[in-house]
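Peer 1: Fold the following, please.
(one chain, ligands or ions: 1)
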Amino acid sequence: MCILETKNVYKVYLDQKKTKGRLVLNDVSLKIDEGEFVCLIGPSGCGKTTMLNLMAGFETPTRGEVLYRGNPIKKPSWERGVVFQEYSLLPWMSVIENVEYGLDGKKLSDKEKNQIAMDCLTMVGLSEFIDHRPNLLSGGMKQRVAIARTLAMDPDIMLMDEPFSSLDEQTRRRLDGEVCDIWLKKQKTIVFVTHSVDEALLLGTRIIMFSQSPGEIVKEWSISVDHSKRDLTANEFVSLKQEILSTLQACSCADNYTNNPKMIKIEGE
Ligand SMILES: Nc1ncnc2c1ncn2[C@@H]1O[C@H](COP(=O)(O)OP(=O)(O)OP(=O)(O)O)[C@@H](O)[C@H]1O
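Peer 2: Reported below is the predicted structural model:
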């Protein structure tokens, strides 16, 4: 069943005078079904974060529609939990307070909030660090807290924007595995932005590639291999990676958008 859909979405960011705008997403239509693990990849600046922000409700499309369970997304909602690239923890709060804080909008007793926060922190392996302040945690641990905070909200869909890109390779792989476990155990839908083709191959049930800006969907791949059986050195993964990398290279070689952005005149301005 479709949980999230973008229908012919265009996104233009206006310049300061608001007379012209930069086209960032160009007619993007996609459907995400419940339970999918969708990875978005593409050249830098192609609009992946913008896409995620539209799905979260932080941005609205200039033209087209973004639908959650068939209804237009008008604002952020706990049903669509976001994990950002930076840890975004409140430094004056302890680990458990950071997770409980996310539950403030829900009608729950303090005891219930505490129990949910504890369960989620246990799930990400931080039950022994609940009283620590964020500054005492490693980058990987901070990102685990951020994941626990999003999980605590029990969202339908988790939107993750390069959540592990600032971590070392080993920690990143471990956290990839943990997200995969969460996806399996909690049966969430996940949309995950990454620059790493390996990460997309390890995690995605579908990989969607965007073109050089203005972003359009270039190609997508479905991966049905069980996560526990994914071996990036196996022939099928080596050739898939090669195919994805050459597609990425081809669409990154287009005219340099930064020097030559597609400007749109805004009607009526
Ligand atoms: N709020 C904004 N106002 C104006 N321009 C913006 C805004 N947000 C993003 N942009 C521009 O839109 C383009 C796409 O940005 P976006 O962050 O969505 O791309 P991305 O694919 O996620 O990039 P990266 O892979 O480098 O993180 C960029 O040129 C960026 O400068």
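Peer 1: mind checking which helix or strand Glu236 is in?
Peer 2: In the assignment (DSSP states H and E), Glu236 maps to helix 235-252.
Peer 1: Any idea what the spatially most central residue of the chain is bridged to?
Peer 2: Nearest to the geometric centre of the chain sits Met160, at 2.5 Å (Cα atoms, centre = their mean). With beta bridges defined as DSSP bridges, Met160 has these partners: Val83, Phe192.
Peer 1: The helix holding Glu236 near the ligand anywhere?
Peer 2: No - using Cβ under 6 Å from any ligand atom, helix 235-252 stays clear of the ligand, with a minimum separation of 11.1 Å. Using the backbone N, CA and C atoms, a C-beta is placed for each residue, glycine as well.
Peer 1: Contacts for that helix, please.
Peer 2: For helix 235-252, contacts defined as Cβ atoms under 8 Å, 6 or more residues apart in numbering pick out 41-43, 197-198, 200-201, 207, 209-212, 218-219, 221, 223, 225, 230-232.
Peer 1: among those, which are within reach of the ligand?
Peer 2: Among those, the ones lying near the ligand by Cβ under 6 Å from any ligand atom are Gly42.
Peer 1: Pass me the low-pLDDT residue ranges in this structure, would you?
Peer 2: Scanning the chain for pLDDT under 70 picks out 253-269.
Peer 1: Tell me the residues of it that contact the ligand?
Peer 2: Contact residues, the chain versus the ligand (Cβ under 6 Å from any ligand atom): 13, 24, 42, 44-50, 213.
Peer 1: how's the protein carved up into domains?
Peer 2: Annotated domains of the chain cover 2-79+157-164+189-265, 81-154 [the TED database].
Peer 1: Export these as TSV, with columns for distance to Cys180.
Peer 2: Below are the domains of the chain laid out as TSV (distance: least, Cβ to Cβ, whole Å):
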stretch	distance to Cys180
domain 2-79+157-164+189-265	5
domain 81-154	12
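Peer 1: For Arg174, find the nearest of these.
Peer 2: domain 81-154 (7.2 Å; Cβ to Cβ).
Peer 1: Could I get the full set of strands for the stretch 151-269 of the chain?
Peer 2: Per DSSP state E, counting those that start in this stretch, the stretch 151-269 of the chain carries strands over the ranges 157-161, 189-193, 206-210, 217-222, 263-265.
Peer 1: just checking, what packs against the first one?
Peer 2: So that's strand 157-161. helix 48-56, strand 80-83, strand 189-193 (3 or more Cβ pairs under 8 Å, 6 or more residues apart in numbering; DSSP states H and E).
Peer 1: list the contacts for Leu203?
Peer 2: Contacts of Leu203 were listed using Cβ under 8 Å, 6+ apart, and they are 37, 39, 176, 179-180, 190, 192, 194, 227.
Peer 1: quick one: which of the residues you listed has the most company?
Peer 2: Top of the contacts of Leu203 by neighbour number is Cys39, holding 28 neighbours under the definition other Cβ atoms under 10 Å.
Peer 1: Since that was my last question, I'll sign off now.
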